[in-house]
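Trainee: For reference, the sequence and a predicted model appear below.
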Amino acid sequence: MAKILLVEDDKELRSSLTEFLSSEGYDVCGADGQREAYSYIAQTAFDCILLDISLSDGNGFSICAHIRGMSDVPIIFLTASGDEGSTVAGFELGADDYITKPFRPRELVARIKNATRRTRIEHQELTLGSIRIDTTKGAVFRSGEEIFLSALEYRLLLLFASNKGSLFSRDKLIDELWTVGGEFVNDNTLTVYIKRLREKIEDDPQAPSIIKTVRGLGYKAEDE
């Protein structure tokens, strides 16, 4: 059972989220502020941490920085602060995702699953055709030779390699890349990066055999 730390000073919201997440199969610990959160973190290994930014005792940014000094556990900010500055600050501190109140509980569960799935992937070795990805070192090899990808190219490859055979619409890819990195990704940016990635991993980028276009639907990746 995955363990979740929920740091939220709104008692009613903390209670309702704890009840809902528990019904979804999570083991939830609720903390009302920074001091209580630190106490839980010191005693328990969590699979995901949900952080409100504005707390009566400290703030979520401080907690995020504290956690990142010792762990890569997924962190999702839950906040009423939807401004760009708060979003950027959260990602720069190492947050994995950011969801603005009010939100749908089922959307939160989907975000938790995405964040914890990415963390598991980051400690694996993945293959895609002749491509091998050492996720621990962040290194990519083609036929045994290391190739160098930009951060966004790497995240795009990781997404395809961990979901071989799955169809991704362009909108879904844009959404996934935004969620992971917090960078602005639009339709034109996606086209450019898929082209660049193909040039680095395909034998013939004009006739790709790894990342294939499904006309009118999107893309999917398969072993050659």
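Mentor: In hand now; what should we look at? Numbering: from 1, shown residues only.

Trainee: Secondary structure of residue 19: a strand, I assume?
Mentor: No: under DSSP: H, G, I helix; E, B strand; the rest coil, residue 19 sits outside any strand and is assigned helix.

Trainee: any idea how far it is from residue 166?
Mentor: Using C-beta to C-beta, to the nearest Å, residue 19 is found at 33 Å from residue 166. C-beta coordinates here come from the backbone N, C-alpha and C atoms, glycine included.

Trainee: Compare neighbour counts for those two and give me the winner.
Mentor: Set side by side, residue 19 and residue 166 show more neighbours around residue 166, with 14 against 11, by other C-beta atoms under 10 Å.

Trainee: What residue, apart from its backbone neighbours, is nearest that one spatially?
Mentor: Distances taken as C-beta to C-beta, 6 or more residues apart in numbering place residue 220 nearest to residue 166, at 6.1 Å, with adjacent residues excluded.

Trainee: tell me the SS of residue 78?
Mentor: strand.

Trainee: Give me the below-cutoff pLDDT ranges for the protein.
Mentor: 81-84, 118-124, 178-185, 224 (pLDDT under 70).

Trainee: can you do 50?
Mentor: Residue ranges of the chain with pLDDT under 50: 180-182.

Trainee: helices and strands around the longest helix anywhere in the chain, which ones?
Mentor: As assigned by DSSP state H, the longest helix anywhere in the chain is helix 105-121. For helix 105-121, the packing partners by 3 or more C-beta pairs under 8 Å, 6 or more residues apart in numbering; DSSP states H and E come out as helix 11-23, strand 48-52, strand 75-79, strand 97-100, helix 170-181.

Trainee: who does the third one pair up with?
Mentor: Think strand 75-79. As defined by DSSP bridges, the strand partners of strand 75-79 come to strand 48-52 (parallel), strand 97-100 (parallel).

Trainee: Identify the residues contacting that strand?
Mentor: With contact meaning C-beta atoms under 8 Å, 6 or more residues apart in numbering, strand 75-79 is reached by 8, 48-54, 60, 64, 67-68, 86, 90, 94-101, 103, 108, 111-112, 115.

Trainee: tell me the domain ranges of this protein?
Mentor: 3-120, 122-221 (automatic domain parsing).

Trainee: winner for burial among those domains?
Mentor: Burial of the domains of the chain is given as mean neighbour count (mean count of other C-beta atoms under 10 Å); domain 3-120 ranks first at a mean of 17.

Trainee: partners of residue 134 in the sheet?
Mentor: residue 125, residue 139.

Trainee: With residue 206 as the reference, measure out to it.
Mentor: Distance from residue 134 to residue 206, by C-beta to C-beta: 28 Å.
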